[in-house]
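Trainee: Structure of the sequence below:
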Amino acid sequence: MIRFLVPILAAATLAGGCQKKESKNQDQNAGAPGQKKLGNAPPQSAEELGQPLAKIDNVTITLGEFQERINRQSPYIRARYTSLEQKKEFLDSLVRFEVLAKEAYKRGLDKDPEVIRTMKQVMIQKLMRDEFDAKVTADSVPDAEMKTYYDANLVEYVKPEEVRVSAIIVKNKAQADRVAIEARGDAGKTNKGFRDLVMKYSADEDTKLRGGDLRYFDAATKDLPANVVKAAFALINTGDVSQTVDAGNGTYYVLKQTGRRKSMTKSFEDAKPAIRNKLFRDSRMKAQKDFVDNLKNASKIEINEANLARVRIDTSTAVDDGHGHDLQPPPPGVPNLSPPPPNAPEATGLPGTESK
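Mentor: As a prediction, the model looks like this:
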């Protein structure tokens, strides 16, 4: 039962009740201080937003709290709560949330280790968002840094045409001519059939283990004999098989084209969005690591490796949701009252804050 109440308790513990959130509803305003405007409707005063909609013992759900909660949903969900009856339905879900949270407090579940750990996870997520969402943004990546990255990784954005072939390699021209005839017939039509011919005839053990695959290469490669490269690019269609190719080093090749990549040139302007996102992620991860490292350095941390070695790991195959809870559906009759999950946290290397 505890695992079903964990999200409720974590949210309730952090919020400190609906009443404490009232001031948040007064922050976003248009016009005079304390007023809030939604769409084309006239602005609402702080007094109006503070009006109570429901009271659950010492917890008050205000008009502003209710409005903020419902307007946080997607447009599709919001459209379902326009009538008075539908608003009552949404309000009832908030009341049930508070009633269950109160009962959980009454039973002392706010002191349960699992609940405390979950509360810490939620606090860490919010800490990292508050610390980095405004400080490290994609827009803060300078053009000069992006251009430096583009120039240093030009091979990712300017690529020549490439071809991929498989090869049967033999050391006798007469044998190569016979193999070429066989490979250009029914026996070599399919990739599997050609691989079988590689295993049967090829004298090159390295490529033989890969079914003759020479992987992708461009016309300027020096990894293969020039005659082989030229013959590979002469094969127009995927599946075409060559005549015997004299490699000029005492070996003869029979080639089958298995793929072709067109040349690609991506300008700096075209590549900027992807580069910006990559550098932003790298910068954010470094800032987070530095932040955590500074906190660790300012703390007194002691590790008992002898006791660490005594830890026993359960290697059973139980499925876990990443927070130490088995993934099981609620028992019959228990509603799913968990609030929508917070925004995905950044990867910080901290338990419970991994990006999904």
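
Trainee: Within the helices and strands, which one has Y105?
Mentor: helix 84-106 (DSSP states H and E).

Trainee: where does this structure have its least confident helix or strand?
Mentor: The weakest-scoring helix or strand in the chain, judged by mean pLDDT, DSSP states H and E, is helix 2-15 (a mean of 44).

Trainee: Tell me which helix or strand K200 sits in.
Mentor: With DSSP H and E as the test, K200 turns up in helix 191-201.

Trainee: pLDDT score for K87?
Mentor: On pLDDT, K87 comes in at 86.

Trainee: next structured bit after the helix or strand where E65 lies?
Mentor: Element membership of E65, judged by DSSP H and E, is helix 63-71. Using DSSP H and E, the helix or strand that directly follows helix 63-71 along the chain is helix 75-78.

Trainee: what is the rounded mean pLDDT of that following helix?
Mentor: The model assigns helix 75-78 a mean pLDDT of 85.

Trainee: got it, and stretch 200-219?
Mentor: 94.

Trainee: Just the CA atoms of that stretch, as CSV, please.
Mentor: What follows is stretch 200-219, C-alpha atoms only, in CSV (Å, rounded to 0.1, in the frame of the first residue of the first chain):
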residue,chain,number,x,y,z
LYS,A,200,33.3,-22.1,-50.1
TYR,A,201,35.9,-20.3,-52.2
SER,A,202,37.4,-17.2,-50.6
ALA,A,203,41.1,-17.5,-49.5
ASP,A,204,41.1,-14.4,-47.3
GLU,A,205,40.3,-15.5,-43.7
ASP,A,206,39.6,-12.0,-42.3
THR,A,207,36.9,-11.1,-44.8
LYS,A,208,35.6,-14.6,-44.9
LEU,A,209,34.6,-14.4,-41.3
ARG,A,210,32.4,-11.4,-42.2
GLY,A,211,30.8,-13.2,-45.2
GLY,A,212,33.1,-11.3,-47.5
ASP,A,213,31.9,-7.8,-46.3
LEU,A,214,34.4,-5.0,-47.1
ARG,A,215,32.2,-2.4,-45.4
TYR,A,216,31.6,1.1,-46.7
PHE,A,217,34.5,3.0,-48.3
ASP,A,218,34.9,6.0,-50.6
ALA,A,219,36.8,6.4,-53.8
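
Trainee: Determine the set of other helices and strands touching the helix holding E65.
Mentor: Helix 63-71 sits against helix 46-49, strand 52-56, helix 84-106, with contacts defined as 3 or more Cβ pairs under 8 Å, 6 or more residues apart in numbering; DSSP states H and E. (Glycine included, C-beta is placed from N, CA and C.)
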